[in-house]
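1. need the 3D shape of this:
(one chain, ligands or ions: 2)
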Amino acid sequence: MTTLNEFSRCVAQYDPHALPVSAAQAIVRQWATPVTAIERVALRDALDRVLAADIVSPIDVPSHDNSAMDGYAFNQAALANGTGSVHLSIAGKALAGHPFAGRVDASQCVRVMTGASMPADCDTVVPQELVERSADAASIRFAADAVTAGANRRLAGEDLARGHAALRAGRIMRASDLGLLASLGIGEVEVRRRLRVAFFSTGDELRSLGEPLDPGSVYDSNRYTLFAMLRRLNVDMLDLGVVRDEPAALEAALRSAAASADVVLTSGGISVGEADFTRQLLQTFGDVAFWSLAMRPGRPFAFGRVWSGARPGAGAPALFFGLPGNPVAVMVAFYQIVRDVLLLMSGATTRPLPVIHAASRRPIRKRAGRTEFQRGVAEQDAHGHWHVTPTGSQSSGVLSSMSEANCFIVLGHDEGEIEQGERVAIMLFDGLI
Ligand code: AMP
Ligand code: MG
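-> Ligands and ions are numbered 1, 2, ... in the order given. Okay, the predicted model is just below:
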């Protein structure tokens, strides 16, 4: 068994006392093993699940050439000169679902509606707005340069070609994917089983909802934040409640979490002062590194593996993330470090989160040598340019700064002070959260 310390020593920039965010992200990614079990689910139940195998299109979509407009279908030979006016007699009509069965020659056309199969011999459609109909409605006339050969026709297989991969394994299924599979006539798909994530909060000061708030205590908010962030990732959750700062309680919670989940998330109890007791405990049945990340908020961070048995390697394994206790730090650490790994372990193909740039409306204090994720309110001006204003308090304990914000302002590891008007990277919450 390679231990995390052995592995981490080979990582460039590995310094557990000031670990750059990018190095932490790279290390945790290496330990993500995707779940392998597969389930077959009905199409509607596939929403937000991870596709287990490529879907190869069994048919052409559309299955036949068809008209993209309401108009008249004819053969491009009628445009031969490309000048003057074209005069065609109407041989019949085709509606979506009601094809025209006859044949036409170059002097004829067929009245077609959008989605109607292209009649045999026809390859071009002139939209009805561009034609003049004769008084007896038996023929049409239009300018030869009004359409080009082959115009306004959708080709068979243009959307999806038979035999080609329509969707790739690893895809998280969205609305369009469900529609796309339905267009192929596919009513069931194979998806990976959901990742199982157990989580709990630690701290003697924490009270659960419904309990009285005695002096010095606070309500446990992290479990609700974690619940919501995990829900968005569509994982199976196991909420183990609040665990006291007592070795026996903590050990029991961690080992039972490892027994039933793929991943264990905790919050609190890993900052300096508290860490010693947790650290010792985690060495007895786990392989866990305690990091100080070069990141703000979210400096203390523990990562590794725990087992349900009495020593490392014994019993069922789980990946372990010890998040800080401060409520904003929990969210930042989750989005910046944990989220990607949970998606990878779910079997999903991941991409870096989109970042856009905005001009800061205020100077921002920042020291080089750590990555900061400040909370900001971004908006577009009348010219479409993005601006961002940091929220009032940037304290890692002030959760209202997250609710007030609509983006993270991402200040890179090497960046220093930001001047008013300077462009900064932002990560919008919409779509992410
Ligand atoms: P810790 O990392 O355990 O020292 O916690 C740091 C700060 O976060 C302390 O002020 C804790 O009271 C607070 N905190 C820890 N866990 C939670 C939680 N689950 N909900 C709300 N606040 C918490
Ligand atoms: Mg604590």
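
2. can you give me the helices in this structure?
-> Ranges of helices within the chain are 4-9, 21-30, 175-183, 222-232, 247-260, 275-285, 327-333, 339-345, 400-404, based on DSSP state H.

3. for the residue in the chain that ligand 1 sits nearest to, give me its contacts.
-> Closest contact between the chain and ligand 1, by CB to the nearest ligand atom, is at G325 (2.3 Å). Yep, even glycine has a C-beta here, placed from its N, CA and C like the rest. By CB atoms under 8 Å, 6 or more residues apart in numbering, the contact set of G325 is 202-203, 222, 267-271.

4. now, of the residues you listed, which are buried?
-> Buried members of those, counted by 16 or more other CB atoms under 10 Å: 202-203, 222, 267-271.

5. pLDDT added to these, as JSON lines?
-> Output for the buried ones among the contacts of G325, formatted as JSON lines (pLDDT from 0 to 100):
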{"residue": "T202", "pLDDT": "95"}
{"residue": "G203", "pLDDT": "94"}
{"residue": "N222", "pLDDT": "98"}
{"residue": "S267", "pLDDT": "96"}
{"residue": "G268", "pLDDT": "94"}
{"residue": "G269", "pLDDT": "92"}
{"residue": "I270", "pLDDT": "91"}
{"residue": "S271", "pLDDT": "86"}
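
6. in strands, which of the residues you listed fall?
-> In this view, the buried ones among the contacts of G325 that belong to strands under DSSP state E are 202, 267.

7. any chance of TSV for the buried ones among the contacts of G325, columns distance to A149?
-> What follows is those, written out as TSV (distance: CB to CB, whole Å):
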residue	distance to A149
T202	72
G203	74
N222	65
S267	66
G268	70
G269	73
I270	70
S271	72
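
8. any chance of the buried ones among the contacts of G325 in JSON lines, plus distance to ligand 2?
-> Converted to JSON lines, the buried ones among the contacts of G325 look like this (distance: CB to the ion, whole Å):
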{"residue": "T202", "distance to ligand 2": "6"}
{"residue": "G203", "distance to ligand 2": "4"}
{"residue": "N222", "distance to ligand 2": "11"}
{"residue": "S267", "distance to ligand 2": "9"}
{"residue": "G268", "distance to ligand 2": "4"}
{"residue": "G269", "distance to ligand 2": "5"}
{"residue": "I270", "distance to ligand 2": "8"}
{"residue": "S271", "distance to ligand 2": "7"}
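
9. how about the buried ones among the contacts of G325, which pair is most distant?
-> N222 and S271 (13.8 Å; CB to CB).

10. tally of neighbours for the residue nearest to G115 when sequence neighbours are not counted?
-> Excluding its sequence neighbours, the residue lying closest to G115 (CB to CB, 6 or more residues apart in numbering) is A96, at 3.5 Å. The number of residues packed near A96 is 13, by other CB atoms under 10 Å.

11. A96 and S176: what is the separation?
-> Going from A96 to S176 by CB to CB, to the nearest Å gives 22 Å.

12. what residues does the chain put near ligand 1?
-> 201, 203, 205-206, 218, 220-222, 267-269, 271, 274, 324-327 (CB under 6 Å from any ligand atom).

13. for ligand 2, what are the nearby residues on the chain?
-> 203, 268-269, 325 (CB under 5 Å from the ion).

14. any chance of the residues you listed in TSV, plus distance to A106?
-> Listed next are the residues of the chain next to ligand 2 as TSV, based on distance: CB to CB, whole Å:
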residue	distance to A106
G203	83
G268	80
G269	83
G325	80
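
15. can you list the weak-confidence ranges in the chain?
-> By pLDDT under 70, the weakly predicted segments of the chain are 431-433.

16. so it: which segments form each domain?
-> Domains of the chain are assigned by automatic domain parsing as 4-37+193-345, 38-61+158-192, 66-154, 356-428.

17. now do the second one: distance to the chain's middle.
-> I take that to be domain 38-61+158-192. 17 Å (CA atoms, centre = their mean, to the nearest Å).

18. ends of it, what's the gap?
-> Using CA to CA, to the nearest Å, the end-to-end distance of domain 38-61+158-192 comes to 5 Å.

19. S57 - how many residues pack around it?
-> Using other CB under 10 Å, S57 is surrounded by 22 other residues.

20. tell me the contacts of it?
-> Contact analysis of S57 by CB under 8 Å, 6+ apart lists 160-166, 184.

21. how about 6 Å then?
-> The contact partners of S57, taken as CB atoms under 6 Å, 6 or more residues apart in numbering, are 160, 162, 164, 166, 184.

22. and these, which are buried?
-> The buried subset of these (16+ other CB under 10 Å) comprises 160, 166, 184.

23. hang on, isn't G269 packed against R279?
-> No - in this structure, G269 is not within contact of R279 by CB atoms under 6 Å, at 10.1 Å.

24. so P324 sits against P300, correct?
-> Yes - judged on CB under 6 Å, P324 makes contact with P300 at a distance of 5.0 Å.

25. hey, which of the helices of the chain is tucked in deepest?
-> Most buried of the helices of the chain, by mean neighbour count (mean count of other CB atoms under 10 Å): helix 327-333, with a mean of 26.
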